[in-house]
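# Below are the sequence and a predicted model for it; my questions follow.
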Amino acid sequence: MRPRRGSRFGSNRNRKIVIGLVVAALAGGGIAVGTGLSSASTTCDGLDQAIQRNLDFMAEQRANPNAQTEAVLKNRQDVIDLINVQRQQAGCTGDVAAPPPPPPAQSPAPEEEEEEEAAAPPAEEAEEDAAAGEVVCKGSTVTLSGEAGAPFASSGDFPIGTVLKVTNLDNDKSITVTVQTTSGSCILLNNAAFEQVREPGKFLIRRAVIERVG
């Protein structure tokens, strides 16, 4: 007995619908996976950049040690350890390598040393030139230091006690913070400060305005 034509047609039609749904589900899954990878990549890039800046600063400290070098290096290593925990939680792979140690500095001849001192203005005068509210560190990106506690900043360009305002141009959020620790960047925000101005899921502010307000 020959099967009815209508029955075969209905079966083929149902099969096409099922196949179409499977393809749509796979495509949707691919989009979701792609979006997740992009977000993870952005997060890892920001964390890796924060680690690299701390490593660069530590290398500079070792090349030019002072009375506070040991304490500063310990503080920077603690920051790197915290960021590495965040990298593991975010599923980041690979390691951020420390820069090679710089060659030992050669002492300039006495005459050259005197010329350099005459040409470079004292640090106090340079700081006074930056008037309150002036935009500083133009073009710098802002990321987090990984330090806990109430909102504050670390900086390698401004002394402890300096008040800086950071504005994220991508969402118009801003925060005013006081420099409390030393770093190898113009400014790094600790976790609490960064949380108030960042965009969700991002660990790097690429379009920022940094102002000295005190």
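Arrived safely, thanks for sending.

# average pLDDT across stretch 184-197?
Stretch 184-197 carries an average pLDDT of 92.

# let me redo that: stretch 143-151
Here the average pLDDT along stretch 143-151 is 90.

# Would you mind listing the buried residues in that stretch?
T143, L144, S145, G146, E147, P151 (16 or more other C-beta atoms under 10 Å). Glycine gets a C-beta too; all of them are placed from N, C-alpha and C.

# would CSV of those with secondary structure and distance to Q52 be doable?
Shown next, in CSV, are the buried residues of stretch 143-151 (DSSP: H, G, I helix; E, B strand; the rest coil; distance: C-beta to C-beta, whole Å):
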residue, secondary structure, distance to Q52
T143, strand, 10
L144, strand, 13
S145, coil, 13
G146, coil, 13
E147, coil, 17
P151, coil, 24
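
# immediately after the helix or strand of the chain with the lowest mean pLDDT, which helix or strand?
Sorting the helices and strands of the chain by mean pLDDT, DSSP states H and E puts helix 123-129 at the bottom, at a mean of 44. The C-terminal neighbour of helix 123-129 among helices and strands, as given by DSSP states H and E, is strand 134-136.

# Contacts for that following strand next, please.
Under the contact criterion C-beta atoms under 8 Å, 6 or more residues apart in numbering, strand 134-136 has outside partners A130, D157, F158, L164, C186, V209, I210, E211, R212.

# For V136, name its beta-bridge partners.
Legend: beta-bridge partners of V136 under DSSP bridges are I210.

# Near A63, how many other residues are there?
Neighbour count of A63, defined by other C-beta atoms under 10 Å: 12.
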